[in-house]
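Novice: predicted model follows, preceded by the sequence.
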Amino acid sequence: MNPDFLKIIHARHSCRAFLAEEVPRAMLEQILLAAAQAPSSTNMQPWEVSIFLGSAKSRLDQALTAAFEEGRGSNPDLHAYLEEWVEPYKSRRFGCGVSLYNAVGIDRQDKAARREQSKKNFNAFGAPVAMVFYQDDFLKPGSILDMGFFLQNLMLAAQALGLGTCPEASLVAWPEILHQSFGIPEGKRFLTGLALGFPDLQAPVNQYRTAREPLGSFARFVTD
Ligand SMILES: Cc1cc2nc3c(=O)[nH]c(=O)nc-3n(C[C@H](O)[C@H](O)[C@H](O)COP(=O)(O)O)c2cc1C
């Protein structure tokens, strides 16, 4: 029984402002090895990750921000947005946006300010480290689940070491950038990206927490 581990689970949240301090390479290796302890179907380990640091991270920031500014259509292999938002997902998504804009003092009607906030996605919110996660595109949906376990292990290991993370589909919005400028081979399915660094604990954007539905709304105990 280790109640501290439960505290780590509850403390993890999406961090969207970071200190400039670099993350030591040994720490990165430690969390990546913890991620790879994830279970996977028949131990396939269907996960690959590119880690962007230093000048490569700056080049990635520039390329993604330029694509955002030119309004380039994004075509992620995998995203979760519905064509038509229906309940209960519609309200939950809306609540997520309201909390973010309230935290940073942006009026929902202020399109320019919202756009500036969105733009921050594309430099990984100033984090010193960005990661992108991918796997062979011929793999079955079960392998996406395996990658989810890998990602959650990674985020919890980072949390345990005092780091902040934000999973970011935005970082894989333009697969061609990742193929052409950063050497990721064709034939890969991009799942998401991730911002990582030491959290800026004072930043307003890091002050709010998203809500969760009560247990009874998602769990059903079957007893006879
Ligand atoms: C696959 C995935 C992609 C995400 N992409 C983004 C993103 O591009 N930008 C962002 O600000 N948050 C992104 N998020 C963070 C979610 O908004 C966040 O996890 C959710 O609101 C719950 O909040 P919490 O992580 O603080 O618990 C993503 C989360 C997941 C799981």
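Specialist: Received it, and whenever you're ready, just let me know what you need. Computed from a predicted structure; not experimentally measured. Residues are numbered from 1 along each chain as shown.

Novice: drop to CA atoms for contacts and neighbour counts, all remaining ones
Specialist: Will do.

Novice: counting neighbours, which bits of the helix or strand hosting Gln159 end up buried?
Specialist: Counting by DSSP states H and E, the secondary-structure element that holds Gln159 is helix 141-160. Within helix 141-160, the residues that qualify as buried by neighbour count (16 or more other CA atoms under 10 Å) are 143-144, 146-160.

Novice: can it be found next to the ligand?
Specialist: No. Counting by CA under 6 Å from any ligand atom, the ligand has no neighbours in helix 141-160; the shortest distance is 8.5 Å.

Novice: the following helix or strand past that helix versus helix 141-160: what angle between them?
Specialist: For helix 141-160, the succeeding helix or strand toward the C-terminus, using DSSP H and E, is strand 164-168. Here strand 164-168 runs at 160 degrees with respect to helix 141-160, directions being taken by axes from the mean of the first three to the mean of the last three CA atoms, to 10 degrees.

Novice: got the contact list for strand 164-168?
Specialist: Applying CA atoms under 8 Å, 6 or more residues apart in numbering, the contact partners of strand 164-168 are 12-16, 18, 121, 124, 155, 158-159, 192-199.

Novice: emit the ChimeraX select command for whichever of the residues you listed are buried.
Specialist: Filtering those down to the buried ones (16+ other CA under 10 Å) takes a single ChimeraX command:
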select :12,13,14,15,16,18,121,124,155,158,159,192,193,194,195,196,197,198,199
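
Novice: could you list the residues of this structure in contact with the ligand?
Specialist: 13-14, 96, 121, 166-170, 192, 209-210.

Novice: what about 5 Å?
Specialist: Applying the criterion CA under 5 Å from any ligand atom, the portion of the chain that neighbours the ligand consists of 13-14, 167-170.

Novice: closest to Gln45 among those residues?
Specialist: For Gln45, the closest of the residues of the chain next to the ligand turns out to be Pro167, at 19.8 Å, with distances computed as CA to CA.

Novice: burial of the closest one, as a residue count?
Specialist: Burial measure for Pro167: 22 neighbouring residues, criterion other CA atoms under 10 Å.

Novice: equivalent analysis for Arg92, please.
Specialist: Each residue near Arg92 was counted by other CA under 10 Å, and the total is 15.

Novice: check the gap between it and His13 for me.
Specialist: Distance, Arg92 to His13, by CA to CA, to the nearest Å: 16 Å.

Novice: in which helix or strand does Ser181 reside?
Specialist: helix 175-182.

Novice: same question for the helix or strand just after that helix, mean pLDDT?
Specialist: Scanning forward in sequence from helix 175-182 by DSSP H and E, the next helix or strand is strand 188-197. Rounded to a whole number, the mean pLDDT of strand 188-197 is 97.

Novice: next, the angle from strand 188-197 to helix 141-160.
Specialist: For strand 188-197 against helix 141-160, the angle between stretch directions is 10 degrees (the same axes, to 10 degrees).

Novice: give the pairing partners of strand 188-197; include direction for each.
Specialist: Partners of strand 188-197 in the sheet, by DSSP bridges, are strand 129-136 (antiparallel), strand 164-168 (antiparallel).
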